[in-house]
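Chemist: Sequence and predicted structure below; questions after.
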Amino acid sequence: MADIAVDIAELANRRRLCVRASLSRRHLIERLFRAGGLTAIVIALGLVATLFGMMASKGAPAFMQATLSLDVTFDPAVITVAPPPARAAGQSEADYRAAMLVWQRQVTLANWSAIVETAVRNAAPPGFEIDRRGALALVETNERHRLRDMFVADPGLLGQTVRVDMLASANTDNWLKGTINRALPDSRQQLSRQTRTLADTLLAEGKIRFAFAWHLFTNTDSRSAPAAAGLAGAFVGSLYMMLIVIALAVPIGVASAIYLEEFAPRHRVTDLIEVNINNLAAVPSIVFGLLGAAVFIRYFGLPMSAPVVGGLVLTLMTLPTIIIATRSALRAVPLSLRQAALAVGASPTQTVFHHVLPVTFPAILTSAIIGVAQALGETAPLLLIGMNAFVASIPATPFDQSSALPAQIYLWQGNENRNFFEARTSAAIMVLLGLMITLNALAIFLRTRLERRV
Amino acid sequence: MTVSIPPDNTGAPHAPVSASAAGPAYGETVRTPDTVPRDVRLRARHVDVFYGDKQALFDVSLDIPEKAVTSLIGPSGCGKTTFLRCVNRMNDTIEDCRVTGEITLDGQNIYDPSLDVVELRSRVGMVFQKPNPFPKSVYENVAYGPRIHGLARSRAELEDIVVASLRRAGLWEEVKDRLREPGTGLSGGQQQRLCIARAIAVSPEVILMDEPCSALDPIATAVIEELIDELRLLYTIIIVTHSMQQAARVSQRTAFFHLGRLVEEGPTEVILRHPQAKKTQDYITGRIG
């Protein structure tokens, strides 16, 4: 008995020494581990912050664009058209519209460039020498069409002088913002010496100012008038695709997840399906693009470059994400809840729809929103179904040709007027990122809100 | 609490086996002579249960008397919960669980393929070990069963059922002002009584209770035990318990399970005071378990 007591005391003593000896080592390992984790987080955050900072600093200037305030005279000597046709008594609607179109064509044929040129000359300091081309180079080319549209809308402008805000051309914008090297010799500048001097003068006089570029959101892409290029077409294309993904991927994904998780018997076939869904989630997105081109465009004959095809391809891509997320959400529901429902005599379907789904709803919603956001940012498959084509109109239906936000970024990134489009690309990226962050924030908001309610 | 011992065994289809001096062989259940209950609606005959290749119950035959509490006792893993879950076919939800033998309710085999398990579960309610109210309001918890079975013809009738069930579960006074609050916000004992109210709201004939007090403190346990004693007048109750004291307090009949076999069954008083099988004696006196 005494021996045992000694042994225990001896053991306790040894334990004390061993623990003490190893303590500093154990604490060191813990400190190192924590420091490592912290470093990783700092590096990750730093990289994200750098990315966002670069985007913001590069893209921000694109939101403010050089704009001229010019006094435009709708000179009857230049716009030599008859007054617009009035609808005669007994004239049919179609006839009237046809007459109106003829008149509008005549308006279009007027020399609007001359009107713009005069307006620029009038704004220039007295006696300033500038040739016609030089004067016109200051103003973006789409603005003459805008003047024409103004006149069509209000023929009473004839003979009047109106102050109009007109976009400066992309080259002017470059020159004034300094995105082109001002020290370059004349031969390497895009604008003539006179035009550049005039631009500087007008800026100093306040006739050119930097105004918020609303047209970035309201205009479609444009190659002839790069300063007026906007995201509206791409945005609507992305919107259509998003709606298609929401309408198809979410119900199909959630339904398959519910079936696989709650009802499907476990055997070889369901195992195979499960493995394949997991594999599908890992398939590179460009492969889905090829599939879309082969199946939807070649086989089903759907139009190229159309949001409907893009939406279908992105649906295929998003399905596995939604199925996997929904299944794990369903799996997290405790068995006791299902048993409680079954024990009062609920059928398996009632158990799922009355009890299991309501508690998983926030998680399913979140996964759906994140899946859709992911689809919205996907680019590679869109390139293979032709959504990187230049489209200068807003698609009226999902079957019309269109671009998409990420494809638009890709297009602008490759634009030859690099000086101007670098900022514009970053601005488009900011819009896309803003959309993503909004969607993710919505997901988080809905999740916390709905979870609190349960 | 008095233990009623039926005077004869005419209802029993099998002869009671009395304990020999050497104790009973496995597979033979010791049944206290002359006490097999008469009012039997639930009968188990030769029930074997397998989980995959592993056999969990061996040849269990047991009669459950009507409007009385039968407790199933035994050490952990002895199969008492498995047996309980056979009665409302909760074992169906376990992937590779297989049940052979026969369990009849009013003479109908509940494992008959023509029997609808949803209907069975509306007749055999269950209360679980851990209180598991739905994450919905107190009212919804109780109203759910009657609603899916269409028991109430009107909103007012449904309300009556809910109130009556909560009263019967002894919970009404505590929750009458918080019917719209979530059931998960109640205390543990209240939650368990809510689960009992939920079970009796569909007017089952049999209520299964799987260690209903094991997650509760002694005071909540006492309340539930009292409640079980009251419910006995209306329902046939089978309760799994780890506590012999609880079996003594609430039940009229007791069945002792060991290693998947029903070792001995009879009036609670007899099983706990004068067990005849050696295994039962060992368990009661604390030598096994």
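Modeler: Arrived safely, thanks for sending.

Chemist: what comes up buried for the helix or strand residue B:190 falls within?
Modeler: Element membership for residue B:190, per DSSP states H and E: helix B:188-200. Of all the residues in helix B:188-200, those buried under the rule 16 or more other C-beta atoms under 10 Å in any protein chain shown are B:189, B:190, B:191, B:192, B:193, B:194, B:195, B:196, B:197, B:198, B:199, B:200. From N, CA and C alone the C-beta is placed, and that goes for glycine too.

Chemist: Assign a three-state SS to the residue nearest to the spatial centre of chain B, would you?
Modeler: Most central in chain B under C-alpha atoms, centre = their mean is residue B:238, positioned 2.2 Å from the mean C-alpha point. Put simply, residue B:238 is strand when judged by DSSP: H, G, I helix; E, B strand; the rest coil.

Chemist: give me every residue that touches it.
Modeler: Remark: with contacts taken as C-beta atoms under 8 Å, 6 or more residues apart in numbering or on different chains, residue B:238 is in contact with B:64, B:69, B:70, B:71, B:72, B:84, B:87, B:206, B:207, B:208, B:209.

Chemist: can we see that at 7 Å?
Modeler: B:64, B:70, B:72, B:84, B:87, B:206, B:208 (C-beta atoms under 7 Å, 6 or more residues apart in numbering or on different chains).

Chemist: Write down the beta-bridge partners of the third one, one by one.
Modeler: This means residue B:72. residue B:240, residue B:255 (DSSP bridges).

Chemist: Surely it touches residue B:255?
Modeler: Yes: contact criterion C-beta atoms under 7 Å: residue B:72 and residue B:255 qualify, at 5.2 Å.

Chemist: list residues touching both of those two?
Modeler: By C-beta under 7 Å, 6+ apart, no residue touches both residue B:72 and residue B:255.

Chemist: just to revisit the earlier point, of the buried residues of helix B:188-200, which are in range of chain A?
Modeler: For chain A, the contacts drawn from the buried residues of helix B:188-200 by C-beta under 7 Å from any C-beta of the partner chain are B:198, B:199.

Chemist: Just send the buried residues of helix B:188-200 back as TSV, with pLDDT too.
Modeler: Converted to TSV, the buried residues of helix B:188-200 look like this (pLDDT from 0 to 100):
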residue	pLDDT
B:189	89
B:190	92
B:191	93
B:192	92
B:193	92
B:194	94
B:195	94
B:196	92
B:197	93
B:198	94
B:199	93
B:200	91
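
Chemist: before we move on, the earlier item: next SSE downstream of the helix holding residue B:190?
Modeler: Next along from helix B:188-200, by DSSP H and E: strand B:206-210.

Chemist: Per the annotation, how does chain A divide into domains?
Modeler: Using automatic domain parsing, the domain parsing of chain A gives A:62-220, A:232-453.

Chemist: Buried deepest among the ones you listed, which one?
Modeler: domain A:232-453 (a mean of 19; mean count of other C-beta atoms under 10 Å in any protein chain shown).

Chemist: What about contact with chain B: does that domain have any residue there?
Modeler: Yes: using C-beta under 7 Å from any C-beta, domain A:232-453 reaches chain B at A:266, A:336-337, A:339-340, A:342-347, A:350, A:355, A:359.

Chemist: Widest-spaced pair of those?
Modeler: A:266 and A:344 (25.7 Å; C-beta to C-beta).

Chemist: Serialize the domains of chain A to JSON lines and add fields for mean pLDDT.
Modeler: Below are the domains of chain A laid out as JSON lines (pLDDT from 0 to 100):
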{"stretch": "domain A:62-220", "mean pLDDT": "89"}
{"stretch": "domain A:232-453", "mean pLDDT": "90"}
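
Chemist: Tell me the spacing between the closest residue to residue A:96 other than its chain neighbours and chain B.
Modeler: Nearest residue to residue A:96, sequence neighbours excluded (C-beta to C-beta, 6 or more residues apart in numbering or on different chains): residue A:87, at 4.7 Å. When distance is defined by C-beta to the nearest C-beta, to the nearest Å, residue A:87 is 64 Å away from chain B.

Chemist: Would you pull up the residue in the stretch 51-200 of chain A closest to chain B?
Modeler: residue A:52 (39.1 Å; C-beta to the nearest C-beta).

Chemist: Show me the residues of domain A:232-453 next to chain B that map onto helices.
Modeler: A:336, A:337, A:339, A:340, A:342, A:343, A:350, A:359 (DSSP state H).

Chemist: next one: the helix or strand containing residue B:246 to chain centre, how far?
Modeler: Using DSSP H and E, residue B:246 sits in helix B:244-250. From the chain centre to the centre of helix B:244-250 is a distance of 14 Å (C-alpha atoms, centre = their mean, to the nearest Å).

Chemist: and if you look at stretch A:308-316?
Modeler: 17 Å.

Chemist: Tell me which other helices or strands the helix holding residue B:190 touches.
Modeler: strand B:124-127, helix B:138-149, helix B:155-168, helix B:218-231 (3 or more C-beta pairs under 7 Å, 6 or more residues apart in numbering or on different chains; DSSP states H and E).

Chemist: Out of these, flag the one nearest residue A:227.
Modeler: helix B:138-149 (61.2 Å).

Chemist: Leaving out sequence neighbours, find the closest residue to residue B:170.
Modeler: Closest to residue B:170 by C-beta to C-beta, 6+ apart is residue B:227, at 5.2 Å.

Chemist: One more: residue A:103?
Modeler: Using C-beta to C-beta, 6+ apart, the nearest residue to residue A:103 is residue A:84, at 5.3 Å.

Chemist: So that neighbour belongs to a helix, correct?
Modeler: No: counting by three-state DSSP, residue A:84 falls outside a helix, being coil.

Chemist: residues making contact with the helix or strand containing residue A:364?
Modeler: Under the criterion of DSSP H and E, residue A:364 resides in helix A:357-376. Surrounding helix A:357-376, the residues in contact under the criterion C-beta under 7 Å, 6+ apart are A:238, A:242, A:245-246, A:249-250, A:254, A:314, A:317-318, A:321-322, A:325-326, A:329-330, A:333, A:435-436, A:439-440, A:442-443, A:446-447, A:450-451, A:454, B:135.

Chemist: change it to 8 Å
Modeler: Residues outside helix A:357-376 that contact it (C-beta under 8 Å, 6+ apart) are A:238, A:241-242, A:245-246, A:249-250, A:253-254, A:258, A:314-315, A:317-318, A:321-322, A:325-326, A:329-330, A:332-333, A:337, A:405-406, A:432, A:435-436, A:439-440, A:442-444, A:446-447, A:450-451, A:454, B:135.

Chemist: now stretch A:261-277
Modeler: A:260, A:320, A:323, A:324, A:326, A:327, A:330, A:331, A:348, A:352, A:356, B:95.

Chemist: Quick check, the first one in contact with residue A:327.
Modeler: Yes: at 6.4 Å, residue A:260 and residue A:327 qualify as touching, with contact defined as C-beta atoms under 8 Å.

Chemist: separation between residue B:152 and residue A:112?
Modeler: 77 Å (C-beta to C-beta, to the nearest Å).
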